[in-house]
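> Okay, here's the prediction I keep looking at, along with the sequence it came from:
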Amino acid sequence: MKLEVNGLTVSFSIPGATVRAVTDASFSVRQGECLALVGESGCGKSVLAHALLGLLPGNARVSGQAMLSSALSPELSPELDLLSASPAVLASRVRGREIGLIPQSPATHLTPVRTARAQLEEALEELGSTSSATELAERFGLAPRDLDRYPHELSGGMAQRVANAIALAGDPGLLIADEPTSGLDRPLVERTMAVLRELCEEGRAVLVITHDLRAAAQVADHLAVMYASRLVEVGPAAELLDRPRHPYAAGLLAAQPDREFVAIQGMPPELTALPEGCAFAPRCAHATGACAARPPMSAGVSCHHPLREAAHAQGA
Ligand SMILES: Nc1ncnc2c1ncn2[C@@H]1O[C@H](COP(=O)(O)OP(=O)(O)OP(=O)(O)O)[C@@H](O)[C@H]1O
Ligand code: NI
């Protein structure tokens, strides 16, 4: 399984304006690997994930390529461009089977009138899975008796774990987890990240979207840092967490409670009015005149004055 995304761009038409939610995003995630996508609220992370699954509303315009290839069963699943695949192919072959999605705010995706178990069992049956609901739920630390609750009887954290289990029902080769630990306390965050790591080790590819850099550090091989619709730095997780090169990546790290805990000053730009040049320049202590022009992505960083040189050439 490998997903290779090139130039993914998504905009939404709204009355009187265009929202540029994702601009020219390129990255890849391979089997046995976890990529964490991080960035402030509203920068385009969920839209990026939804674009890959064909889940965007009608006012969205999508361009670029997202090639999915399944190394395990190439005969069943030759290379497929997710962005040009038909809605029918995405529904019947991709969602749930090739790619599992753990949606953000999972409680809103559960049907109110049926128990968590009924919904998980339905997913298992629909996808022809032999796993048991109890087994899947237990993997994420959900007690079997909690599966018999109705959605309104589930805490946010329980609903999160039900959604995590449902995403795995079809044993997908790629799992996209959009904030899979929201509402969970630290031990459950760690457990969830450990499960995601196991899923990688078992040979799946995992794309995890998170605000929680500490959680990302636990699971990710690679990190992609997104700012105002663009990826601004992509690289090996350990390196990026230790020595960020983009000033925004450095600021995001410094804002973590277990680090300096100093927020980045200012606000990100509106996605309806993105500047021509570097979108981070107005908040950047290092900005120069050069930042009025958009910095190209080079060796994993898109900045005219990265904080340090790349330790490795990209692709190494
Ligand atoms: N259907 C839509 N029409 C117009 N704008 C949209 C639509 N869907 C999303 N957006 C906008 O796209 C931008 C990116 O949203 P997205 O949900 O991807 O952010 P995010 O990075 O996932 O943030 P969070 O961390 O808060 O989940 C936001 O400004 C949002 O308002
Ligand atoms: Ni989101």
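Sure thing, it's come through. Ligands and ions are numbered 1, 2, ... in the order given.
> going forward, measure contacts between C-alpha atoms and count neighbours the same way
OK.
> And the residue nearest the centre of the protein?
Nearest residue to the geometric centre of the chain (CA atoms, centre = their mean): Ile209, 3.2 Å.
> any idea which element whichever residue of the stretch 201-316 of the chain sits closest to ligand 1 lies in?
When scored by CA to the nearest ligand atom, the stretch 201-316 of the chain has Leu271 as its residue closest to ligand 1, at 6.0 Å. For Leu271, there is no enclosing helix or strand under DSSP states H and E.
> And it, how close does it get to Ala17?
Going from Leu271 to Ala17 by CA to CA, to the nearest Å gives 10 Å.
> Mind naming the longest helix for this protein?
Scanning the chain for the helix with the most residues, using DSSP state H, yields helix 186-201.
> what's around Arg30, how many residues?
Close neighbours of Arg30, defined as other CA atoms under 10 Å, add up to 23.
> returning to that earlier point: comparing Leu271 and Ala17, which residue is more hemmed in?
The residue with more neighbours, out of Leu271 and Ala17, is Leu271; 20 against 11, by other CA under 10 Å.
> I'd say that one and Ala279 touch.
No. Leu271 is beyond contact range of Ala279, at 10.0 Å (criterion: CA atoms under 8 Å).
> Where does the nearest residue to Leu154 once chain neighbours are set aside sit: helix, strand or coil?
If the residues on either side of it in the chain are set aside, Leu154 comes closest to Asp146, at 7.6 Å by CA to CA, 6 or more residues apart in numbering. Three-state assignment for Asp146 (DSSP: H, G, I helix; E, B strand; the rest coil): helix.
> dump the residue contacts of Asp146.
Residues in contact with Asp146 (CA atoms under 8 Å, 6 or more residues apart in numbering) are Ala116, Leu154, Met158.
> quick one: pLDDT of the first one?
The pLDDT attached to Ala116 in the predicted structure is 96.
> Need the overlap of contacts for Leu271 and Ala279.
Counting by CA under 8 Å, 6+ apart, the residues touching both Leu271 and Ala279 are Ala228.
> Beta-bridge partners for Asn6, please?
Under DSSP bridges, the beta-bridge partners of Asn6 are Gln65.
> Please tell me I have it right and it contacts Phe27.
Yes. Counting by CA under 8 Å, Asn6 does reach Phe27; the two are 6.7 Å apart.
> So for Glu75, what's the pLDDT?
pLDDT, Glu75: 59.
> nope, Ile166 is what I meant
pLDDT, Ile166: 94.
> which element is it on?
Ile166 belongs to helix 156-168, assigned by DSSP H and E.
> picking up where we left off before, for the contacts of Asp146, which single residue is the most surrounded?
Ala116 (27 neighbours).
> how far away is that residue from Pro180?
Taking CA to CA, one finds Ala116 at 17 Å from Pro180.
> hey, where'd the strands end up in the stretch 101-250 of the chain?
Secondary structure of the stretch 101-250 of the chain (DSSP state E, counting those that start in this stretch): strands located at 174-178, 205-210, 222-227, 230-236.
> Closest to ligand 1 out of the contacts of Asp146?
Closest to ligand 1, out of all of those and judged by CA to the nearest ligand atom, is Met158, at 19.3 Å.
> wait, isn't the closest one in contact with Pro144?
No. Using CA under 8 Å, Met158 is not in contact with Pro144, being 11.3 Å away.
> For the residue nearest to Leu154, give me the pLDDT.
96.
> swap in the one 4 residues further on?
Among the per-residue scores, Tyr150 shows a pLDDT of 96.
> Which residues are in contact with it?
Pro112, Val113, Arg114, Thr115, Ala116.
> and Leu120, how far is that from Val113?
14 Å.
> Apologies, that question was intended for Cys291.
With CA to CA as the criterion, Cys291 and Val113 are 54 Å apart.
> Just want to know which of the two has more residues nearby.
Cys291 (20 against 9).
> Verify the contact between that one and Pro282 for me.
No. Applying CA under 8 Å, one finds Cys291 not in contact with Pro282, separated by 9.4 Å.
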